[in-house]
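Novice: Provided below are the primary sequence and the corresponding predicted coordinates.
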Amino acid sequence: MMEWRQDASSDCPGHRIFCIKYPVRKLQQYDTEFGFDFHVSLFVYNKAGHYLKIDTDVFRLPSRYAPGNAAVLDVDPRDKGHVSDVDVHFTDETLCATWTGFRHHENITLEFAVSSGTQTDDVLPFKVIENVQFTCINSSKLLPGVKYHALLRATCSGGQTVSASNGVTILTQSYVDKYLKVHVGEDCFPYPNASIDLNFQSILNLTKPLRIGHVYHIYAPANASVELKNGSGSINMMQSQELGQYYNLVPFVQRPFIQIVTANNSVDTDMIKIVQCQSKIHIPVTKLFVESHWHFTTGNNFSVNFEVGIMNQGMKTSGLLTGFVRSSNLTRSRIQIPHSATPGLQYRIAVRTCLRTSCLEPVMSQNFTFLFNVPDGHISVADIEHEDGRQCLNVDLQWDAFKSDSPIMFYQWSLSEDSLGRRPVAVWTTIENTSTLQYQVRVKTSYIAYTVREPAWVAQWYSIRLWYGRSRVRLPGSSHTKDFKNGRNGFPLWCSGIKG
């Protein structure tokens, strides 16, 4: 490949004996980075024409280029036999990686580091490792919930190259227990923006009616308070670490009288937010399914799978009402209510975080119960009489205890032309239940003087409907009626005052 003559060679500085000096770059043109083996054959001649051939040891040329880029893969420490890139694993304080690439033909020096990005070793500095294609590193600096990148630096005579993985996050049981929140029911959804009538004491002008007995959350600025007028619902200020400060509203009418109170009426519509929420404590079996949703309070979305089941209260590894089923959605699930569900027992939604071959222990929701029975009640007294000398009707309404699987929140009564309460001749009037913590409510006497604002005709029935439980969900078929004792068809109702 080359020829050298002593008489044509320049001196080798520092050497007292004969030497050969030849530019390597000329040989490198023949190599083209294939890693060919070379050796030098030295022929020594005397004047008689005899010669001696001496061969050197085999050697390789230094590279003209730095090692090529490598493909670095994050590996699950618990599943080292399955070489595939992972985005999440469950092994605390550990990071493993494998790689392919670094095409070269000479020995290289490999160094491994951990980075929060893809270039600098700002988490764990570079450290020389064996020249193999797999390595792991353990350090207390590797924290759960943080995305890390494995860095691999390869150095040869031609330079160095740094390659990085696409990142991996460590999830531990303690991290998931702390930050994964599981809720019963579908997530709250926004109610259309409500406008504020600033000319009339900052009254919320609802763009569409609310659903009676359902739960709404109202978010207002810290310098404002939310109040209800005219007994149009129940409202309480709530405070939670997850949701902050909000007002819990249960309307008794479709358009409750909601007032935003501030020092100087300085409230903008954009500062008020209303969301509608589902029941999270009592689930009627008539729904057939139990919805649930979950999220990490850190705001992260991890590349994991979730499996969902229903468990008896307080049990993590036993007491499954349903088997764990992988959810097709990463934030919510819908499970059919099993026939084995038992009245009176408390259950929880269990969500566990899973990878290809393993799962963490499940995280539980709050307790809930299944509602099997429509509330059973009886109207014992339903009297109506005309007061002499006045255009008023005295209404006397009494009922026995209503029995239900959950606390009764409030009652509503009305006058109706039919026994099913489908043709009321007056608005439904709310009677709050003051014993919502009891499962049976006994009202001894409820005496009501009722004013009819427009001419009407005497109805033949009372209708009572109720919303039960803290779920504030109206149950189908919950109207209870009774014939009037003294009612007379055709008697005109017109009242100029109220007795009571």
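Specialist: Sure thing, it's come through.
Novice: and the strands in the stretch 1-150 of the chain?
Specialist: 41-45, 51-55, 70-75, 88-89, 94-101, 109-115, 124-129, 134-138, 147-156 (DSSP state E, counting those that start in this stretch).
Novice: hey, least reliable of the ones you listed by pLDDT?
Specialist: The minimum mean pLDDT among the strands of the stretch 1-150 of the chain belongs to strand 41-45 (a mean of 84).
Novice: thinking again about what came up before, among the strands of the stretch 1-150 of the chain, which is nearest residue 291?
Specialist: Of all these, strand 88-89 sits nearest to residue 291, with 25.8 Å by CB to CB. Heads up, the C-betas are built off the backbone N, CA and C, glycines and all.
Novice: tell me the contacts of the residue nearest the centre of the chain?
Specialist: Central residue of the chain (CA atoms, centre = their mean): residue 295, 1.7 Å from the mean position. Contact partners of residue 295, counting by CB atoms under 8 Å, 6 or more residues apart in numbering, are 180-181, 331.
Novice: sec struct for it, please.
Specialist: Of the three states, residue 295 takes strand according to DSSP: H, G, I helix; E, B strand; the rest coil.
Novice: so what's it bridging to?
Specialist: When assigned by DSSP bridges, residue 295 has beta-bridge partners residue 181.
Novice: please report the distance of the closest residue to residue 192 other than its chain neighbours from residue 129.
Specialist: Counting by CB to CB, 6 or more residues apart in numbering, residue 207 is the residue found nearest to residue 192 once chain neighbours are left out, at 4.7 Å. According to CB to CB, to the nearest Å, residue 207 stands 64 Å off from residue 129.
Novice: settle it for me: which of these two has more neighbours?
Specialist: residue 129 (15 against 11; other CB atoms under 10 Å).
Novice: how close does that one sit to residue 65?
Specialist: 22 Å.
Novice: check residue 205 too.
Specialist: From residue 205 to residue 65 the distance is 72 Å (CB to CB).
Novice: go on, residue 126?
Specialist: Residue 126 is 21 Å from residue 65, by CB to CB.
Novice: more neighbours, the two?
Specialist: residue 126 (16 against 13).
Novice: make JSON lines out of the strands of the stretch 1-150 of the chain and add distance to residue 258.
Specialist: As requested, the strands of the stretch 1-150 of the chain are exported to JSON lines (distance: least, CB to CB, whole Å):
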{"stretch": "strand 41-45", "distance to residue 258": "100"}
{"stretch": "strand 51-55", "distance to residue 258": "99"}
{"stretch": "strand 70-75", "distance to residue 258": "52"}
{"stretch": "strand 88-89", "distance to residue 258": "45"}
{"stretch": "strand 94-101", "distance to residue 258": "53"}
{"stretch": "strand 109-115", "distance to residue 258": "53"}
{"stretch": "strand 124-129", "distance to residue 258": "56"}
{"stretch": "strand 134-138", "distance to residue 258": "57"}
{"stretch": "strand 147-156", "distance to residue 258": "44"}
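Novice: out of the ones you listed, which comes closest to residue 427?
Specialist: The nearest among those, by CB to CB, is strand 88-89 at 56.1 Å.
Novice: and the residue nearest to residue 159 when sequence neighbours are not counted, how many neighbours?
Specialist: Excluding its sequence neighbours, the residue lying closest to residue 159 (CB to CB, 6+ apart) is residue 66, at 3.2 Å. Residue 66 has 18 neighbouring residues, counting by other CB under 10 Å.
Novice: dump the residue contacts of residue 66.
Specialist: 154, 156, 158-161.
Novice: for residue 176, which of the strands of the stretch 1-150 of the chain is the nearest?
Specialist: strand 88-89 (10.8 Å).
Novice: and the closest one, which strands flank it?
Specialist: By DSSP bridges, strand 88-89 pairs with strand 168-170 (parallel).
Novice: which stretches of the stretch 351-500 of the chain have low pLDDT?
Specialist: Counting by pLDDT under 70, the low-confidence segments of the stretch 351-500 of the chain come to 374-377, 382, 384-395, 397, 399-402, 419-420, 426, 433-500.
Novice: swap in 80 and give it another go.
Specialist: 373-500 (pLDDT under 80).
Novice: now the contacts of residue 295: which count as buried?
Specialist: residue 180 (16 or more other CB atoms under 10 Å).
Novice: which one of the contacts of residue 295 sits closest to residue 45?
Specialist: Nearest member of those to residue 45, counting by CB to CB, is residue 180, at 83.9 Å.
Novice: where's that closest one relative to residue 25, distance?
Specialist: Residue 180 is 61 Å from residue 25, by CB to CB.
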